[in-house]
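>>> just the structure for this:
(chains A and B)
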Amino acid sequence: MTPNSFISPQPAYVPGEPVERHVADEELVWTEDEQQQIAAFRAQYPTHDGAVMKGLWLAQDKFGWLPPEVIQFVAETLEIPYAKVYGVATFYTQYFKEQKGQFVLDVCTCFSCQVCGGYDILHYLEDQLGITKGETTDGGLFTIQEAECLGACGSAPMLQVTNGPYVHNLTTEKVDALLADLRAGNMPGFQSVTLPQDEDELGGNRRSDTDAVTTYQTPPVSETLH
Amino acid sequence: MPQVFIDGQPYEFEEGGKLLQFCLDQGIEIPHFCYHPALSVPANCRQCQVKAGLPARDRATGELVTDENGLPVINYFPKPQTSCSLDLVDGMVVHTQYDSEEVAAIQADNLEMMLINHPLDCPICDQAGQCPLQNQAYKYGPEGSRFEFEKVHKPKRVQLGPNVVLDAERCINCTRCTRFTAEVTESHQLSIVNRGDKNYPMTAPGQILDDPYSMNVCDLCPVGALTEDYFRFKARVWEMSKTPSVSDFGAKGINVDYWVRDNQILRITPRANLDVNEYWMPDAARLVYERYNENRLQGARVNGAAVAWETAYDEAARVLKDADGSVLFLGSAWATVEDNYLLTKLADTVGGEVLGYIPYHEEGRGDGWLISDDRAPNAQGCERLGIRALDASLLQSKLAGASVLYVLDDDPVAAGVLSGADLEGVTVILHASHATNETLPHAAVAFPAAMCVETIGTYVNEAGRAQRLRPAKMIRSMNRSLMMAMGTGQSRIDRGGTPFDRWHDVTNKVDCLPGWTVIPELADRLGRPMHYKGPERVMDELAETNPAFTGATYPAMDLLGVALEDIGEPA
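Next up is the predicted model:
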């Protein structure tokens, strides 16, 4: 890259420029049932602001993703400022601001997964699907995303499928099996993973897929407290 | 009174305050970015952290616990506290960066972190020289950075709206701008978008920042992320002089700083006055800056021909002396109290009549906040001098028998109170600030008038607050009063100056004079000299003799003005 070839990134929506619409006005209506849910969200919090995340979540369930007109629709429904709702929507990667594939594979590459091979899994997935992170396969089946910590460091490396079930302790074989399952239309089920304090039940081995090693043993909680 | 110990010194405080504001009030500087006295306290920049604690008390007896030396034991909070959000408590012990190396190190680390993704493009940044980040990094920051990787790139040169440009890379996400639109103007046009090291303030998709007060976010911005479109790359702040004065945009009397380079007003920013405009001003009041620089009337004129000022004085005095019909005077809501007062005295001298001032009040023009219904700045000052809003039909009828019309700083033709045809057979003497003045072609004698940025004087705002104008830029013929007011006395250093000083460039000095120079010259020639050593003495006399101006001396008005006694509705 020569020094002059760098072009600053642009904001997703340049202020004042027309915004492409994806959802027609007549589709921007809540059903009776959804209206009741929103009323319940609002009743949960002292101010309407509190219901913003549940409102966006409901909208994403309904429309599949959150184009600007849907975000604005949520803002109007909850009577909170559009800019504020947009700010919340952009904060969380789980809200999709672009159209995604049917299955969104959020591969964690944060610290614990990284040291356990998170990037290997990410790159393997990219090779298998022929796309790079952030892209969607032709036909719209898979999207790969690189995610920050999803809070499952104990079973690193891991990924999440479309804001839903986690797939733990990933290996390339597990990835192949997952892709085959998803192509067949089978979402993985939710899997319970042991925590260190359950090690006794597992014979001192917190991982089910490798042999036990003494160096990884965690002393009982009672011994770590004074 | 409850006491707090800051760096070992006891201070008494009123309950209910926060530590940072208290320290700032005491003159103890603690670095901070997100805190602003007019906004909520989010404590998100983490820069104002201090070490704080309370004296330990025995749980059973409630007695203070002392150590072996008999000194009270202090239970410090386990982690440093953001002083902006810390409530003052009686007996609290605080260590700032002056007293504690630990705190100084914490603040330096915080600055190092803040600067990780800051572009450090100070040499081309408009904020340089007035940048809290630059100043505080210099004073409290680390000597260098340990971050040796490519910084995160974010959008630059984003036109957020008509008046504000965003450079997201410079943003430190203090959220002052979003809090301003959410809490002060309640337009809610800005929000922080994205997350982590990629976040920056932005409007909602497709929307723009067109709040009528949008440029206040540029003043609030502690870095160069938000800049005023009209002022971008115009001048470095250290090349400019900043003069505290009052805006002539409407009757609110907004306190402003005029920024001048080479005798041109390049920028107007609000000046804090909690009794008038707090910390804010509308965009429209800033964008008038070109009025002071362009289309100015230069040099005295008699019947349209440029003449020496002395000739114009002689001619005006002759006209006034030889008038065979009545002599009519118009005061001005654009001129200062001093000029209007001297005009009434001149009217007495020649036996003329001050008919009133031309009102610029338009119902519904204002927004109920800082944009007033009244376009002119000093209608209230005129009222207090007994000059009333002009009745156009009265003027028309009086003009029939008049031979001279003397107009102070105004444009009756453009204002629509009379037409050029009405002025047939009437000799007009006019003080006019602009060459575009529509009454100017009908004027027999025209005196170019100094505008509010060039004169010394007083405006009284619509709430009856008398506030001082200070000269921000030089005019062609500076006199001693103006020189003294600008702090450019007669010393050698002042005459030398630097190339950027306001008195350096002669080309932009407007050949005009304030009313308080011109009117006494006329009075001299009419044989009734006015013995004032400058406008300050005029105001002294008014403060003493006119109950409507009691207390409004220059020292009393100083920077924040004096609230005058209510005089009630005009009779």
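
>>> name the element the residue nearest to residue A:172 when sequence neighbours are not counted belongs to?
Distance criterion C-beta to C-beta, 6 or more residues apart in numbering or on different chains; nearest residue to residue A:172, sequence neighbours excluded, is residue A:124 at 5.3 Å. Every residue, glycine included, has its C-beta placed from N, CA and C. Here residue A:124 sits within helix A:118-129, counting by DSSP states H and E.

>>> so for that helix, mean pLDDT?
Helix A:118-129 shows an average pLDDT of 95 in the prediction.

>>> what's it in contact with?
Counting contacts by C-beta atoms under 8 Å, 6 or more residues apart in numbering or on different chains, the residues outside helix A:118-129 that touch it are A:105, A:107-110, A:113, A:132-133, A:137, A:142, A:144, A:146, A:156-157, A:159, A:170, A:172, A:175-176, A:179.

>>> mind running it again at 10 Å?
The set of residues external to helix A:118-129 that reach it, using C-beta atoms under 10 Å, 6 or more residues apart in numbering or on different chains, is A:101, A:105, A:107-114, A:117, A:131-133, A:135-137, A:141-147, A:156-159, A:167, A:170-172, A:174-176, A:178-179.

>>> selection in ChimeraX covering whichever of these are buried, please.
Per 16 or more other C-beta atoms under 10 Å in any protein chain shown, the buried members of those correspond to this ChimeraX selection:
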select /A:101,105,107,108,109,110,112,113,114,117,131,133,136,142,143,144,145,146,147,156,157,158,159,167,170,174,175,178,179
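
>>> and the next helix or strand past the helix holding residue A:124?
strand A:142-147.

>>> hmm, back to that, what's the spacing between the residue nearest to residue A:172 and residue A:174?
Going from residue A:124 to residue A:174 by C-beta to C-beta, to the nearest Å gives 10 Å.

>>> repeat that for residue A:83.
Going from residue A:83 to residue A:174 by C-beta to C-beta gives 42 Å.

>>> contacting residues for residue B:18?
If a contact means C-beta under 10 Å, 6+ apart, then residue B:18 has B:24, B:35, B:37, B:41, B:43, B:48, B:82-88 as its contacts.

>>> between the residues you listed, which is nearest chain A?
Taking C-beta to the nearest C-beta as the measure, residue B:41 is the one of those closest to chain A, at 17.8 Å.

>>> for the closest one, give me its contacts.
Applying C-beta under 10 Å, 6+ apart, we find residue B:41 in contact with B:18, B:20, B:21, B:34, B:35, B:82, B:84, B:85, B:86, B:179.

>>> give me the buried entries from those.
The neighbour-count criterion (16+ other C-beta under 10 Å) marks B:18, B:20, B:21, B:34, B:35, B:82, B:84, B:86, B:179 among those as buried.

>>> those residues in strands, which ones?
residue B:82 (DSSP state E).

>>> next, format the buried ones among the contacts of residue B:41 as TSV and append pLDDT and distance to residue B:435.
Written out in TSV, the entries for the buried ones among the contacts of residue B:41 read as follows (pLDDT from 0 to 100; distance: C-beta to C-beta, whole Å):
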residue	pLDDT	distance to residue B:435
B:18	96	53
B:20	97	51
B:21	96	49
B:34	96	47
B:35	97	47
B:82	97	56
B:84	96	51
B:86	96	58
B:179	97	44
